[in-house]
Each structure stands twice: as structure tokens, then as C-alpha cells.
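> Pasting the sequence and the predicted model now:
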Amino acid sequence: MIGVHELPNGLRVVMESIPFVRSVSFGVWVRNGSRNETPEVNGISHFIEHMLFKGTEKRTALEIADVMDAVGGQLNAFTSKEYTCYFTRTLDTHFDVALDVLSDMFFNSKFDQAEIDKERGVILEEISMYEDTPEDLAVDLLQLHTYPQNPLGMSILGTPETISSFTEDKFRSFMKAKYAPKNVVIAIAGKINEQEVLEKITQAFGQYTGEADNCMEFETTYAPGFSLKEKDIEQVHLCMGFPGIKTGIDESYALAAVNTILGGGMSSRLFQKIREQHGLVYSVYSYNASYWDTGIFLVYAALNPTHVQDVLGLIAQEVRGMFTDKINNEQLSKAKEQLKSNFLLSLENAAGRMNSIGRTLLMLNKVITPDELVTKIDAIDLDGFYAVCDKIFKLDQMSLSLVGKKVEGLRHEDLTQAVV
């Protein structure tokens, strides 16, 4: 049973009791990510996430970690383009400890200058590490050129220049504008007494005040882009993009089925054709990156530099094949069963449930239950499947990024010709 409550200050709380487990997953979700930043403060949301672990008025960074370790709990956080989440996972008997620690971090972090300077170095190393991860870099480059002059195209981590400019005053000013009750959802799943937990959350968060800005929620338009980045590595990492589907609409379920068939697993068309039949790649897959107002459908492959045009041609062949070699109801049914299994299996623990109910309430203003999602997947038919294919698979709107050795000598015209 899922319960949704709103405190007088506008903060929302969503809870799901799972009596047969012994754990509780507790998350504080903030509707703020890198797309809510300006270029001048790019990376500040992620930096703030780090700083909340660096000490409060009553605990040092070591004491924060030690308190959670003492009860065998987990404490972590992540920042995306649209939200930040701080979360714990503990035994049900230690929920009070998790609530005390996480609320202390959320409200009382010190932003000590010495800790800021140390963490600045950590994040600069994280940026360097990311530069050495060509798979992620190819996706980032694609989005940078697909959403030009738009915060959605900016890196979550920021740049060395912006990271070096942040101060305590900038952190506090940014948090005041973004971290307000109406932008926050608290999600809890596990072995809980809902009324008791609600009372504890109200006591810890009920006095929370503040007015958030508009979160920079403006419409974002996909634009075909092309980018190359030379790196002295053995493989070329290729990312192809098409206009996708925004989050929370019924078409996204049909697109999930499209993705399953095209590149969502080992039985997918891309994997079977490019890896199994031709042996040209080790890794090839597709997925849809959805945001509140837009989306981008991505195909990724890692390959030998001499095979770039061949692999591009085969990807394009399989995209066109979605229309010429059409699926039947039996194949669609198989894809739907895969979708249902993947989703339901991901929810067989408290952490998965907390993530699901927290994220959907924050971003969609509603909670989608497992039964509702299964109903949506079962409703996918061939007409809906191909309506989505028609909407996204337009080769003349294809975006492309490549990261690897000798890619800067490749011409857009030649690569595009391989796809036509």
C-alpha cells in the first residue's frame, strides 16, 4: 500500500510499507539538477551534493560516516540532469538514526572553506576520470551538440573553470533558490509503520521553509548535432541519436518496446546483426533518455576505428528494418514480457521501490504502481509501436558523436553517406 502525504509547508512524503522485509530505504529527492544551472555555475548542484557529506554543526565528515557504519547502514547520493537524491538504507530498527543523520546533513551542513577546497580537488579528479571513460564521454558530447546553448546539454559535473569558482556564498545562495519544500519529495519504503514514520518526518522536516524559483523549466528542442573527439585509445566509441520521447507519457511505454526489439538486450536486432553475425563490435545497445519536456533515443557501439562506416551502415540498416521487416504480435508480446519482468524484478527490494515512488512523485506529480505499469505495457499494440517508430526514426535528423583515435579526420559528409 502506497501512501502520499503533503505537509503544511508543501513538502510531499510518499511511503510504501513492505512488511516481509527487514530494511528501510529512505530518500530525500530534490527537483534540481544540472539543467537548472546557468553556464556560470555549471556543476554546482553536483558539488553541493558532495558538500552535504562534509560536516554539519554537530558532526564531522568522519562522524557522519561512522554513525552510519556503526549500524551497518548505507548512505549515498547522486545528481542527475533533473534531480538530486540523498538516500540511506538501514535495518528497520535503525531508521531513526538514518533520519537524524540525513536531516542533519540536509539542514545543517557547514560548507567549511577548507572542506570546499579539498572537495574541489576530488571533483576535478572525478572530471578527469570521466574524460577517461569514453562511453560516457560520447553520450555527453552528443547531448552537448543536440541541445546547444541549453542547460540540458551541459555536463552534470561542470567544468574545471566553474568548479574552481565556487564558494560558500554561492552554494548557500543556490540552495536557497532551489532547495525549497515544494521542490522536495521524501520517499520511504520498507518495514515501517506509516503513521509513526509520518510523525517523525513531520517533526524533522515540518519547520522547513523557503520559496523556490521556477527551476528554469523552459521547453527544449532537439537539434541534430555532430561531434568528434580525438583520444589515444584502441576503440572508437560511437553514439547515434534521434528525437526521443519525454518522460511520463503513454508513448514512452511503446518506445520501451521499440528499444527492447532494436537494441535492448542480447536477442535484439542490433546485437544479433552487428556483434553475432558480423563480429564488428563487443558492445552495442540502445536506450531512451527521457526528460520532463523532451527525450533523445540513443544507439551506442564500441568498435575498431577501421569499422566505423560499416557499423554506421549496419545501424542504419536495422533502423530502416524496423519499417521493412516489421514485427508481429508474437514478437511484440515477447518484448512486453521482457519489459514487465525487468521492471517487476527491479522492485523486489525496498531500495527499488523507494527509487520508483520517489522519482515518479517528484517528476510526474503522481505515483505509478506496479499494477498500473503492467497495464500500460499490456496495452501496447502494433499501431502504437509503429507510431512511435515513425516519430523518432528519422535518419535525416540523426545526431552523431565519435570518441577515439583518428576520428578528427572523418568528415560529416562521409559518415552521413554511410547511413543514407
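Right, received. Where do you want to start?
> going forward, measure contacts and count neighbours with C-alpha atoms only.
Noted.
> Take the helix or strand harbouring Leu198, keep the C-alpha atoms, and write them as PDB.
Secondary structure here is read from DSSP states H and E; on that basis Leu198 sits in helix 194-205. Provided in PDB are the C-alpha atoms of helix 194-205 (Å, rounded to 0.1, in the frame of the first residue of the first chain):
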ATOM      1  CA  GLU A 194       3.300   4.600   8.200                       C
ATOM      2  CA  GLN A 195       1.700   6.800  10.800                       C
ATOM      3  CA  GLU A 196       4.700   6.700  13.100                       C
ATOM      4  CA  VAL A 197       7.100   7.500  10.300                       C
ATOM      5  CA  LEU A 198       5.000  10.400   9.100                       C
ATOM      6  CA  GLU A 199       5.000  11.900  12.600                       C
ATOM      7  CA  LYS A 200       8.800  11.600  12.600                       C
ATOM      8  CA  ILE A 201       9.200  13.100   9.200                       C
ATOM      9  CA  THR A 202       6.900  16.000  10.200                       C
ATOM     10  CA  GLN A 203       9.000  16.600  13.300                       C
ATOM     11  CA  ALA A 204      12.200  16.700  11.300                       C
ATOM     12  CA  PHE A 205      11.000  18.500   8.100                       C
END
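> packing partners for whichever helix or strand comes after that helix?
Note on helix 194-205: by DSSP H and E, the next helix or strand toward the C-terminus is strand 226-230. Secondary-structure packing of strand 226-230 (3 or more CA pairs under 8 Å, 6 or more residues apart in numbering; DSSP states H and E): helix 134-146, strand 399-404.
> Ile380: what's it in contact with?
Tyr253, Ala254, Lys336 (CA atoms under 8 Å, 6 or more residues apart in numbering).
> Quick check: which element contains the second one?
Pointing back at Ala254 there. Here Ala254 is assigned to helix 251-263, by DSSP H and E.
> same deal with the last one?
Lys336 belongs to helix 329-346 when elements are defined using DSSP H and E.
> mean confidence score for that helix?
Averaging pLDDT along helix 329-346 gives 94.
> where's the closest residue to Leu361 other than its chain neighbours relative to Ala302, distance?
Leaving out its chain neighbours, the residue that sits closest to Leu361 by CA to CA, 6 or more residues apart in numbering is Val367, at 5.2 Å. Going from Val367 to Ala302 by CA to CA, to the nearest Å gives 37 Å.
> The two: which has the busier surroundings?
A count of neighbours by other CA atoms under 10 Å puts Ala302 above the other of Val367 and Ala302, at 25 against 19.
> what separates stretch 250-269 from the chain centre, distance-wise?
Here the centre of stretch 250-269 is set off from its chain's centre by 18 Å, with CA atoms, centre = their mean, to the nearest Å.
> Other residues contacting it?
245-246, 270-272, 284-288, 299, 318-319, 322, 332, 335-336, 338-339, 376-377, 380-381, 384-385, 388-389.
> let's see 6 Å
Leu270, Tyr285, Ser286, Ala335, Ile380, Phe385 (CA atoms under 6 Å, 6 or more residues apart in numbering).
> Could you figure out how far the helix or strand where Leu124 lies is turned away from helix 134-146?
Taking DSSP H and E as the definition, one finds Leu124 inside helix 113-131. If you take axes from the mean of the first three to the mean of the last three CA atoms, to 10 degrees, helix 113-131 sits at 100 degrees to helix 134-146.
> what pLDDT, on average, does helix 113-131 get?
Helix 113-131 comes out at a mean pLDDT of 95.
> about what we covered before: alpha carbons of the helix holding Ala254, as CSV, please.
Output of helix 251-263 as CSV, limited to C-alpha atoms (Å, rounded to 0.1, in the frame of the first residue of the first chain):
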residue,chain,number,x,y,z
GLU,A,251,4.1,6.8,-25.9
SER,A,252,7.1,6.1,-23.6
TYR,A,253,5.8,2.5,-23.0
ALA,A,254,5.6,1.8,-26.7
LEU,A,255,9.1,3.3,-27.1
ALA,A,256,10.4,0.9,-24.4
ALA,A,257,9.1,-2.0,-26.5
VAL,A,258,10.8,-0.5,-29.6
ASN,A,259,14.0,-0.2,-27.7
THR,A,260,13.8,-3.8,-26.5
ILE,A,261,13.5,-5.1,-30.0
LEU,A,262,16.1,-2.8,-31.6
GLY,A,263,18.9,-2.7,-29.1
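> In contact with the residue most central in space within the chain, which residues?
Residue closest to the average C-alpha location in the chain (CA atoms, centre = their mean): Ser80, at 5.3 Å. Contact analysis of Ser80 by CA under 6 Å, 6+ apart lists Gly33.
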